[in-house]
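S.K.: sequence-free structure coming up:
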């Protein structure tokens, strides 16, 4: 029986011999696939057998951002410039065109912050309330200007103040200058006397003199000669019984707080207090570490703890008064002093 092929001009019968076991290659996803750029990138990623964690490790982008980008959850992504950079890096990792991926992202998620151009042929209408606001502002400004003009006109029309005759007579009898002023008060002119001399400046401080400058100048400018002269003068003053007030010490006087109390608590104190009469630095060291370091102001005091082996380094030893058990015992003698030497010995039983 003949085979009826109908309108088919060429019929090819496939036998088992013609079947090839080679698998048909699936087409590679492109940026135009999917409803948006996120699905397109997701399809390309799944085609290559990558996970979102693989993409995050390769692009240094958070995995949560990769998932939000594939789902187009823009609220979960950073600012738009960063998101555009993520799209370009993601596409580049998958071997796709980064610029084309960014272009489709901008088409799928346009920027709402960019002002859209008005269609051609459409007339832009202004808000009618703007004209009302402008007219109201002009009325307010005009009213303020008119009020200022009226106030100036009223001020000019006011008569000048009259000076009582009795006051002029009494003033004229007091001083000749006042009499002349009273005589000219009728015509509105005032006669001024001679200018007073400038006041004498009484707050000008005395010029500062550098210590030792006079001795150096008297000895030809030599520093050594100035030191010798200063030492000789100090010895002469000592023989004559002249004592520098700044070097006098009222031994035995009680301690009086004149500023902040620093250092150990009263219960942990060794009984020694260092009080600065002027500004100076104090550094307390022991066992290779610094226990205290500060620039003390005048009146501030440091309470020495009972910790053994402490040493006090000061910038000027003559500035620090030493109190032991609340009584002044002297002043520091060196820039570095072992505090154990300042602690008073316990009374013998």
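M.R.: Structure's in. What do you need? This is a predicted model, so every value here is computed, not measured. Numbers count the residues shown, from 1 in each chain.
S.K.: can you check the pLDDT for residue 282?
M.R.: Per-residue pLDDT puts residue 282 at 93.
S.K.: wait, isn't it in contact with residue 294?
M.R.: Yes - under the criterion of Cβ atoms under 8 Å, residue 282 makes contact with residue 294 at 6.3 Å. Using the backbone N, CA and C atoms, a C-beta is placed for each residue, glycine as well.
S.K.: looking at these two, which has the bigger crowd around it?
M.R.: Between residue 282 and residue 294, residue 282 has the larger neighbour count (other Cβ atoms under 10 Å), namely 22 against 14.
S.K.: name the element that one belongs to?
M.R.: Using DSSP states H and E, residue 282 sits within strand 280-286.
S.K.: what packs against that strand?
M.R.: strand 289-296, strand 301-305, strand 311-314 (3 or more Cβ pairs under 8 Å, 6 or more residues apart in numbering; DSSP states H and E).
S.K.: if we use 10 Å, what do you get?
M.R.: Here strand 280-286 touches strand 261-263, strand 269-276, strand 289-296, strand 301-305, strand 311-314, strand 336-338, going by 3 or more Cβ pairs under 10 Å, 6 or more residues apart in numbering; DSSP states H and E.
S.K.: out of those, which comes closest to residue 139?
M.R.: strand 289-296 (65.9 Å; Cβ to Cβ).
S.K.: next, the buried residues of that closest one.
M.R.: 291-292, 296 (16 or more other Cβ atoms under 10 Å).
S.K.: let me have these in JSON lines, extended by distance to residue 272 and pLDDT.
M.R.: Below are those laid out as JSON lines (distance: Cβ to Cβ, whole Å; pLDDT from 0 to 100):
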{"residue": "291", "distance to residue 272": "14", "pLDDT": "89"}
{"residue": "292", "distance to residue 272": "13", "pLDDT": "93"}
{"residue": "296", "distance to residue 272": "15", "pLDDT": "93"}
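S.K.: mind listing the strands the strand holding residue 282 pairs with, and their directions?
M.R.: strand 289-296 (antiparallel), strand 311-314 (antiparallel) (DSSP bridges).
S.K.: nearest to residue 140, out of these?
M.R.: That would be strand 289-296 among the strands paired with strand 280-286, by Cβ to Cβ, at 60.7 Å.
S.K.: how many degrees apart are the closest one and strand 269-276 in direction?
M.R.: 40 degrees (axes from the mean of the first three to the mean of the last three Cα atoms, to 10 degrees).
S.K.: quick one: contacts of strand 289-296?
M.R.: With contacts defined as Cβ atoms under 10 Å, 6 or more residues apart in numbering, strand 289-296 is touched by 259-260, 262-264, 274-286, 300, 302, 304-305, 307, 310-315, 319-320.
S.K.: follow-up on the earlier one: reformat the helices and strands packed on strand 280-286 as JSON lines; add distance to residue 98.
M.R.: Converted to JSON lines, the helices and strands packed on strand 280-286 look like this (distance: least, Cβ to Cβ, whole Å):
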{"stretch": "strand 261-263", "distance to residue 98": "65"}
{"stretch": "strand 269-276", "distance to residue 98": "70"}
{"stretch": "strand 289-296", "distance to residue 98": "58"}
{"stretch": "strand 301-305", "distance to residue 98": "68"}
{"stretch": "strand 311-314", "distance to residue 98": "66"}
{"stretch": "strand 336-338", "distance to residue 98": "70"}
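S.K.: relative to residue 149, which of these is closest?
M.R.: Closest of these to residue 149 is strand 289-296, at 64.8 Å (criterion: Cβ to Cβ).
S.K.: chain neighbours aside, what residue packs nearest to residue 98?
M.R.: Sequence neighbours aside, residue 88 is the residue nearest to residue 98 in space, at 3.8 Å (criterion: Cβ to Cβ, 6 or more residues apart in numbering).
S.K.: in a helix, the one you found, correct?
M.R.: Yes - Residue 88: assigned to a helix according to DSSP: H, G, I helix; E, B strand; the rest coil.
S.K.: which residues does residue 322 contact?
M.R.: Contacts of residue 322 (Cβ under 10 Å, 6+ apart): 249, 272-275, 304, 312, 328-333, 337, 339, 342.
S.K.: bridging residues for it?
M.R.: Applying DSSP bridges to residue 322 gives these bridge partners: residue 274, residue 330.
S.K.: and it, how far from residue 277?
M.R.: 12 Å (Cβ to Cβ, to the nearest Å).
S.K.: shared neighbours of these two, anything?
M.R.: In contact with both residue 322 and residue 277: residue 331, using Cβ under 10 Å, 6+ apart.
S.K.: thinking again about what came up before, possible to save the strands paired with strand 280-286 as CSV with distance to residue 127?
M.R.: As requested, those are arranged in CSV below (distance: least, Cβ to Cβ, whole Å):
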stretch, distance to residue 127
strand 289-296, 66
strand 311-314, 77
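S.K.: so which of these gets nearest residue 225?
M.R.: Residue 225 lies closest to strand 311-314 among the strands paired with strand 280-286, at 29.9 Å (Cβ to Cβ).
S.K.: list the contacts of the closest one.
M.R.: Here strand 311-314 has contacts from 272, 274, 276, 280-286, 290-293, 296, 302, 304, 320, 322, 332, 334-340, 342, using Cβ under 10 Å, 6+ apart.
S.K.: count of neighbours near the spatially closest residue to residue 327 that is not a sequence neighbour?
M.R.: Nearest non-adjacent residue to residue 327, counting by Cβ to Cβ, 6+ apart: residue 252, 5.7 Å away. Residue 252 has 8 neighbours, counted by other Cβ under 10 Å.
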